[in-house]
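Student: here's a sequence, model it:
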Amino acid sequence: MATIYYDNDANPDIIKNKKVAIIGYGSQGHAHAQNLNDNGINVVVGLHENSKSIEKAQKDGLKVINVADASKWADIIMLLAPDTVQPTIYNDSIEPNLKTGKTLMFGHGFNIRFNTITPPKEIDVSMIAPKAPGHRVRETFVEGGCTPGLLAVHQDASGNAKDIAISYAWGIGVTRAGALETTFAEETETDLFGEQSILCGGVSALIKAAFETLVKAGYQPEVAYFECMHELKLIVDLLYQGGLNYMRYSVSDTAEHGDYVAGSRIVTEETIGAMSQILTDIQDGTYAKEWIAENKNGRPWFNKKRSEEQNHLIEEVGSKLREMMPFIDPVTIKPGE
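Tutor: This next block holds a predicted model:
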């Protein structure tokens with residue numbers, strides 16, 4: 001079983017005596033920076049001079065300086081920019097300012113796992129990865145709790161890398177719920193696999209396939225949308241709260257019976273084999289090489305695919321139906337956005 005660290009395992013004095021730079025002010029960056037600031041930690045936000053996030057961070061009461069100066073100033077540098085731009089930020093502005101005794105931290109292990117960032121041996125390298133979007137990390141912190149997270153140490157040059165990481169986790173509130181110890185490889189590989197096999201790739205493909213099956217059979221697209229997209233939230237909320245058992249307890253017996261008789265017809269041995277190959281492609285670096293190359297080449301396939309998906313019939317129908325339900329606070333992403 002996993003080792004989990006809580007508030008009583010942390011030494012808050014460690015982080016309270018460190019200068020922390022949060023690089024990036026997106027989903028995770030704003031939560032880390034504000035939570036640390038609320039806990040009395042000496043924190044700055046590092047952004048490039050043309051960043052659209054500068055004004056937002058300043059309005060949130062945070063000091064903003066450029067990434068190079070932030071990296072030079074800080075004892076702990078938490079890199080929370082998108083994976084695809086991290087290597088450039090690191091090479092241009094962070095690496096020249098790394099000195100013995102500093103800690104480089106990540107919220108996701110992609111660039112360490114696939115060697116697009118290789119820190120010098122004389123610094124600590126660790127990870128704290130809250131298991132929730134940044135806005136939820138912030139909301140639960142303000143409410144007095146927080147979300148669980150993952151903790152990993154890649155390099156322990158100081159001999160205190162884990163203690164520093166646990167203290168940082170305390171600083172953003174993660175140890176209130178629990179910081180589960182893992183490795184950079186395990187976090188990265190399972191994160192990518194989850195995204196591809198179920199959370200994004202698997203769910204998206206199932207929704208579209210079911211919708212298209214009903215429409216092709218002559219059913220109204222609006223009814224197909226409700227059955228295949230809209231009602232999914234009802235099931236996910238039950239899963240989130242109590243797992244598969246609670247979901248099955250809550251739905252009708254007919255729905256539960258349908259679960260048992262149809263599930264194995266949808267997720268076949270062939271599907272499971274495809275999942276295994278997806279995992280292999282992640283583990284051996286095939287996926288990472290393809291994604292890195294796609295970015296370097298200007299994302300031609302990615303952009304084409306995004307455009308195709310944004311123009312799918314289910315999006316057109318869904319946009320109109322969601323306007324009927326202002327209580328869900330509907331959002332529509334227009335093609336090209």
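Student: mind listing what Gln34 touches?
Tutor: 60, 62, 138 (C-beta atoms under 8 Å, 6 or more residues apart in numbering). The C-beta positions use only the backbone N, C-alpha and C, and glycine is treated the same way.
Student: need those in CSV with pLDDT, distance to Thr88 and secondary structure, can you?
Tutor: Formatted as CSV, the contacts of Gln34 follow (pLDDT from 0 to 100; distance: C-beta to C-beta, whole Å; DSSP: H, G, I helix; E, B strand; the rest coil):
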residue, pLDDT, distance to Thr88, secondary structure
Asp60, 97, 26, coil
Leu62, 98, 23, coil
Arg138, 98, 27, helix
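Student: of these, grab the buried ones for ChimeraX.
Tutor: Those of those that count as buried under 16 or more other C-beta atoms under 10 Å are selected in ChimeraX with:
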select :62,138
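Student: just the contacts of Gln34 now: which is nearest Gly318?
Tutor: Nearest to Gly318 among those is Arg138, at 28.3 Å by C-beta to C-beta.
Student: got a list of what the closest residue to Asp83 other than its chain neighbours touches?
Tutor: Setting aside the residues directly before and after it, Asp83 is nearest to Phe110 in space (C-beta to C-beta, 6 or more residues apart in numbering), at 4.6 Å. By C-beta under 8 Å, 6+ apart, Phe110 lies in contact with 83, 86, 116, 188, 192, 288.
Student: how long is stretch 83-91 from one end to the other?
Tutor: Stretch 83-91 stretches 13 Å from its first residue to its last (C-alpha to C-alpha, to the nearest Å).
Student: so what's the gap between it and the chain middle?
Tutor: Centroid separation for stretch 83-91 versus its chain: 17 Å, with C-alpha atoms, centre = their mean, to the nearest Å.
Student: pLDDT on it, on average?
Tutor: Average pLDDT, stretch 83-91: 97.
Student: contacts for it next, please.
Tutor: By C-beta under 8 Å, 6+ apart, stretch 83-91 touches 23, 67, 79, 81, 108, 110-111, 116-117, 295.
Student: Provide the secondary structure category for the closest residue to Gln310 other than its chain neighbours.
Tutor: With C-beta to C-beta, 6+ apart as the criterion, Gln310 has its nearest non-adjacent residue at 4.3 Å, and that residue is Pro335. The three-state label given to Pro335 by DSSP: H, G, I helix; E, B strand; the rest coil is coil.
Student: list the contacts for Pro335?
Tutor: Taking C-beta under 8 Å, 6+ apart, we find Pro335 in contact with 307, 310-311.
Student: per-residue confidence for it?
Tutor: 83.
Student: mind checking how far it is from Leu36?
Tutor: Look at Pro335 and Leu36: by C-beta to C-beta, to the nearest Å, they are 38 Å apart.
Student: try Ala185
Tutor: According to C-beta to C-beta, Ala185 stands 27 Å off from Leu36.
Student: give the buried residues for the helix or strand hosting Thr188.
Tutor: Element membership of Thr188, judged by DSSP states H and E, is helix 184-194. Of all the residues in helix 184-194, those buried under the rule 16+ other C-beta under 10 Å are 184, 187-189, 191-193.
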